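S.K.: model this:
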Amino acid sequence: MAKKTAPVNTPSEIVIEMGGLTFGDLEVLESLSEGAENGNFKAGEMGGFLDRVVQGGVRDLPLSQMSEVVEALTAAMAGLMQTDTESEGEEKN
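M.R.: Sure, this is the predicted structure:
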């Protein structure tokens, strides 16, 4: 008999809530990056962080959406840094 699995409700778009990002999260991101490089990855640390910044959380998302989550987070971070840089440039003019 085949195992039945419950359908997974997956959002069509991953939305990052940048308002939930703190300076302390930069330490978490750095730790995750270092962990990925040296093989000491801490999934629990990543789950808690992503659960706060991804709209609706990530705990119930399938792992197959991880690349989408990472892409959305990377784009949101790049947009945040670009906006800050643009604002600084405008102030100097």
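S.K.: show me where pLDDT drops low in the chain?
M.R.: Applying pLDDT under 70 to the chain flags residues 1-12, 83-93.
S.K.: Strands along that one, start to end?
M.R.: Assigned by DSSP state E, the strands in the chain number zero.
S.K.: now the helices for it?
M.R.: Along the chain, counting by DSSP state H, helices occupy 23-38, 43-53, 66-92.
S.K.: Alpha carbons only: can I get the first one in CSV?
M.R.: To tie it back to what came earlier, the one meant is helix 23-38. Extracted in CSV, the C-alpha atoms of helix 23-38 (Å, rounded to 0.1, in the frame of the first residue of the first chain):
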residue,chain,number,x,y,z
PHE,A,23,21.4,44.1,13.2
GLY,A,24,21.6,40.9,15.2
ASP,A,25,20.5,39.0,12.2
LEU,A,26,23.7,40.1,10.4
GLU,A,27,25.5,37.9,13.0
VAL,A,28,23.2,35.0,12.2
LEU,A,29,23.7,35.4,8.4
GLU,A,30,27.5,35.6,9.0
SER,A,31,27.4,32.5,11.1
LEU,A,32,25.3,30.6,8.5
SER,A,33,27.7,31.6,5.8
GLU,A,34,30.7,30.5,7.7
GLY,A,35,28.9,27.3,8.7
ALA,A,36,28.1,26.5,5.0
GLU,A,37,31.8,27.1,4.1
ASN,A,38,33.3,24.9,6.8
